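> what would the 3D arrangement of this be:
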Amino acid sequence: MRVVVGITGASGVVYGVRLLEVLRAKGIETHVVLSDNAEKIAKHELGLTRKQIERLANYAYRPEDLESPISSGSFLIDAVIIVPCSMKTLSAIANGYADNLISRSADCALKEGRQLILVIRETPLHLIHLRNLVKVAECSAIILPAMPAFYHKPKLVKDVVDFVVGKILDRIGVKHSLYKRWKSVA
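You can find the predicted model right below:
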């Protein structure tokens, strides 16, 4: 399996970092692109540098590197996951504005009929956000908001993060035990 992970400048970089950690542990090939704003947020929220995050992936690219393999639809991948996905990146994807490697790899996923998962991390949403979400959903993108459940009784922030990452893994068909699945309360 080969997965592209785009990490954009929305709060919640921890979701992208944790996804990279889990995919690495499972031996899945990852290609990461960290936006410049994501780099700043990672430093603020997690105390991590770009290099520390990039080391979690097999391959790392700068957002302006439009000559990289992942900028082509002929480069075979199983999924593009943008986590977290900022509203700026959502807007670029929804409107076909592939001006950086994250939006270009998403554009390639859509045009090639491959999985595109957008883990949005914004609230509240206004009408433009909602219309952009509908646009990408109509093109087959998976909208996976960073909305944890609580039936598994999380005790730590890591438990909440693992729930969302587990939902991402479910969508790409990767088995995991990051959270306890729902069982009837009866």
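
> quick one: contacts for Asp107?
Counting by Cβ atoms under 8 Å, 6 or more residues apart in numbering, Asp107 makes contact with 93, 96, 98. No exception for glycine: its C-beta is placed from N, CA and C like everyone else's.

> tell me the confidence at the last one?
At Ala98 the predicted local confidence, pLDDT, stands at 97.

> how about residues contacting whichever helix in the chain runs longest?
Ranked by number of residues, the top helix in the chain under DSSP state H is helix 157-172. For helix 157-172, contacts defined as Cβ under 8 Å, 6+ apart pick out 1, 3, 14-15, 18-19, 22, 78-79, 81, 83, 115, 117, 119, 142, 144, 146-149, 152, 154, 175-176, 178-179.

> quick one: it to chain centroid distance?
Relative to the chain's own centre, helix 157-172 is displaced by 11 Å; criterion: Cα atoms, centre = their mean, to the nearest Å.

> okay, buried residues for it please.
Within helix 157-172, the residues that count as buried by 16 or more other Cβ atoms under 10 Å are 159-169, 172.

> out of the residues you listed, the closest to Ile28 would be?
Closest approach to Ile28 among the buried residues of helix 157-172 (Cβ to Cβ): Ile172, at 8.8 Å.

> and that closest one, how close does it get to Val14?
For Ile172, the distance to Val14 equals 19 Å [Cβ to Cβ, to the nearest Å].

> likewise Thr49?
Distance, Thr49 to Val14, using Cβ to Cβ: 15 Å.

> who has more neighbours out of these two?
Neighbour count, other Cβ atoms under 10 Å: between Thr49 and Val14, Val14 has more, with 22 against 13.

> that one touches Leu46, doesn't it?
Yes. If you go by Cβ atoms under 8 Å, Val14 and Leu46 touch, sitting 6.1 Å apart.

> picking up where we left off before, could you turn the buried ones of the contacts of Asp107 into a ChimeraX selection?
Restricted to buried positions by 16+ other Cβ under 10 Å, the ChimeraX selection for those reads:
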select :93,98
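
> can you put the contacts of Asp107 in TSV and add secondary structure?
Compiled in TSV, the contacts of Asp107 are given as follows (DSSP: H, G, I helix; E, B strand; the rest coil):
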residue	secondary structure
Ile93	helix
Gly96	coil
Ala98	coil
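
> and of the contacts of Asp107, the nearest to Arg62?
For those, the minimum distance to Arg62 (Cβ to Cβ) is 15.3 Å, reached by Ala98.

> my guess is the closest one contacts Ala109, does it?
No. Judged on Cβ under 8 Å, Ala98 makes no contact with Ala109 at a distance of 11.1 Å.

> what ranges do the helices span in this protein?
In the chain, the segments counted as helices under DSSP H are 13-25, 36-46, 50-54, 87-94, 101-112, 127-138, 157-172.

> who's in contact with Val17?
7, 42, 46, 48, 53, 56.
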